[in-house]
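K.L.:
Structure, please.
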Amino acid sequence: MSEELVFQIALELIPGVGNRATKQLMSYCGSAASVFRSSKSKLLKIPGVGEKMADIISKSSPFKEAEAICKLAEKIKADVLHYSNPRFPKRLKQVPDAPNILYVKGKGELNPKRSIAIVGTRKATEYGKSITDKIVADLSNLNVSITSGLAYGIDIQAHKACLNSNIPTFAILAGGLDRIYPSVHKKYAEQIQESGAILTESIPGTKPDPHLFPARNRIIAGTTDATIVVEAAERGGALITANIADSYNRLVFAVPGDVGHTFSEGTNKLIATQRALIYTGVEDLIYHLNWDVSLEDDKPKIMPELTVDEQNIFELLSENRSPIEIDLIALKTQIPINQVASHLLSLEFKNLVKSMPGKKFGVTS
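P.N.:
Reported below is the predicted structural model:
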């Protein structure tokens with residue numbers, strides 16, 4: 001593993017420096033190594049960095065622990081993806097509380113053309129299982145990857161249906177990659193890695209303690225275009241995922257169920273309170289997500305005249321309806337702000353991006 005990756009992990013280990021602050025630090029310093037090599041006075045010039053944080057960073061040296069984590073990741077054959085890595089899920093980059101580092105095992109493409117989350121109760125009924133199977137079967141010819149949480153019930157039903165239909169599926173874990181939970185699903189976790197992946201923000205060796213599951217749910221919501229809740233009680237993890245997806249402005253669908261049935265209460269309430277669209281079939285996804293299934297083209301449309309950084313900036317601006325400030329562009333792409341300015345100027349010359357008041361930028365129409 002590279003020296004910079006060790007520094008990136010070390011930055012994560014500093015107490016009191018959260019995900020957003022870490023991104024801010026790297027954006028202004030240019031790299032994790034530069035953060036540690038910056039003087040306290042330089043750190044204090046970074047917006048959002050106060051006396052206390054600058055003091056903690058300048059006195060921290062968690063490099064041995066970071067190196068140990070790298071070695072453990074290598075031992076379990078896991079990839080460590082920092083926010084700045086091109087393989088890091090681009091959808092996840094767009095959410096405000098995205099993790100800075102993911103630990104991944106699997107051959108799957110983390111930036112698929114289309115990505116849907118399927119979640120639900122751990123106590124799935126036969127109705128819920130059959131609906132889950134049907135959803136997966138209906139999506140099998142639409143170039144879709146399916147994400148869930150490897151839990152009992154609807155989650156594992158979705159993963160199994162994907163494996164049976166040769167659809168790439170991704171399992172988001174609450175604990176470390178070497179702590180599969182529940183353990184009886186370990187065989188499915190291994191099968192998932194053949195065409196999909198298992199991934200987590202937890203370092204190897206982390207136990208899947210209860211407080212980690214809500215955080216895990218935000219990754220499920222953040223890595224996908226929409227979330228389908230199949231069955232859910234009035235309270236539970238599936239509804240947490242749905243609420244998070246809604247807060248990210250990602251679409252939420254709910255499968256209607258029998259009135260009065262415990263595991264239909266959550267889905268029916270989502271629909272009744274207009275926090276979810278009703279799911280009656282794959283046509284709902286096609287319509288609301290504006291999928292053009294008549295002109296399928298699996299090859300990614302890469303603009304050859306753009307550099308990698310220009311491509312990332314252009315994609316970010318294309319995915320956002322409103323213009324974005326240059327500071328936020330640097331933060332979300334993890335490209336130093338001085339380089340962002342240069343890339344934006346180049347994109348303007350190519351008539352792909354336009355400058356707007358307030359140091360904001362958007363794509364040309």
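K.L.:
So which bits of stretch 204-212 are buried?
P.N.:
204, 206, 208, 212 (16 or more other C-beta atoms under 10 Å). C-beta here means a position set from N, CA and C on the backbone, and glycine is covered the same way.
K.L.:
oh sorry, the question was meant for stretch 77-91
P.N.:
78-85, 88-91.
K.L.:
Please apply the same query to stretch 118-134.
P.N.:
In stretch 118-134, counting by 16+ other C-beta under 10 Å, buried: 118-122, 124-125, 127-129, 131-133.
K.L.:
and if you look at stretch 140-149?
P.N.:
140, 142-149.
K.L.:
What about residue 190, how many residues nearby?
P.N.:
13 (other C-beta atoms under 10 Å).
K.L.:
brain fart, residue 46
P.N.:
18.
K.L.:
Which strand or helix spans the residue lying closest to it once chain neighbours are set aside?
P.N.:
Nearest residue to residue 46 in three dimensions, chain neighbours excluded: residue 28, at 4.7 Å (C-beta to C-beta, 6 or more residues apart in numbering). Using DSSP states H and E, residue 28 sits in helix 19-29.
K.L.:
Give the other helices and strands that that helix contacts.
P.N.:
With contacts taken as 3 or more C-beta pairs under 8 Å, 6 or more residues apart in numbering; DSSP states H and E, helix 19-29 sits against helix 3-12, helix 32-37, helix 326-333.
K.L.:
Columns mean pLDDT, distance to residue 194 and mean neighbour count on top of those, output as CSV?
P.N.:
Output for the helices and strands packed on helix 19-29, formatted as CSV (pLDDT from 0 to 100; distance: least, C-beta to C-beta, whole Å; neighbours: other C-beta atoms under 10 Å):
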stretch, mean pLDDT, distance to residue 194, mean neighbour count
helix 3-12, 92, 26, 21
helix 32-37, 91, 32, 19
helix 326-333, 88, 31, 20
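K.L.:
In TSV, list those along with distance to residue 240.
P.N.:
Shown next, in TSV, are the helices and strands packed on helix 19-29 (distance: least, C-beta to C-beta, whole Å):
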stretch	distance to residue 240
helix 3-12	24
helix 32-37	31
helix 326-333	25
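K.L.:
Going by distance to residue 350, which of the buried residues of stretch 77-91 wins?
P.N.:
Among those, residue 90 lies closest to residue 350 (C-beta to C-beta), at 21.2 Å.
K.L.:
my read: that closest one touches residue 111, true?
P.N.:
Yes. Residue 90 lies in contact with residue 111 (C-beta atoms under 8 Å); the separation is 5.2 Å.
K.L.:
follow-up on the earlier one: so for residue 97, which of the helices and strands packed on helix 19-29 sits nearest?
P.N.:
Nearest to residue 97, of the helices and strands packed on helix 19-29 and by C-beta to C-beta, is helix 326-333 at 12.7 Å.
K.L.:
Any chance of the buried residues of stretch 140-149 in TSV with distance to residue 60, pLDDT and secondary structure as columns?
P.N.:
Output for the buried residues of stretch 140-149, formatted as TSV (distance: C-beta to C-beta, whole Å; pLDDT from 0 to 100; DSSP: H, G, I helix; E, B strand; the rest coil):
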residue	distance to residue 60	pLDDT	secondary structure
140	49	91	coil
142	47	93	coil
143	45	93	coil
144	43	96	strand
145	38	97	strand
146	40	98	strand
147	34	98	strand
148	37	98	strand
149	33	97	coil
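K.L.:
what comes into contact with stretch 305-322?
P.N.:
86, 90, 94, 302-303, 323-324, 329, 332-333, 335, 339-340, 343-344, 346-347, 350, 352-353, 361-363 (C-beta atoms under 8 Å, 6 or more residues apart in numbering).
K.L.:
From these, list just the buried residues.
P.N.:
90, 94, 323-324, 329, 332-333, 335, 340, 343-344, 346-347, 352-353, 361-363.
K.L.:
So which of the buried residues of stretch 77-91 belong to helices?
P.N.:
90-91 (DSSP state H).
K.L.:
Please enumerate the strands of the stretch 101-250 of the chain.
P.N.:
101-105, 114-119, 144-148, 169-172, 197-200, 226-229 (DSSP state E, counting those that start in this stretch).
K.L.:
Which strands border the longest one, and is each parallel or antiparallel?
P.N.:
Looking at strand 114-119 with DSSP bridges, its partner strands are strand 144-148 (parallel), strand 226-229 (parallel).
K.L.:
Could you give the separation of stretch 235-246 from the chain centroid?
P.N.:
15 Å (C-alpha atoms, centre = their mean, to the nearest Å).
K.L.:
Same check on stretch 249-256?
P.N.:
17 Å.
K.L.:
which residues touch that stretch?
P.N.:
Contact with stretch 249-256 is made by 128, 131, 221-222, 224-232, 242, 245-246, 264, 266-268, 270-271, 275-280, 284-285, 288-289, as judged by C-beta under 8 Å, 6+ apart.
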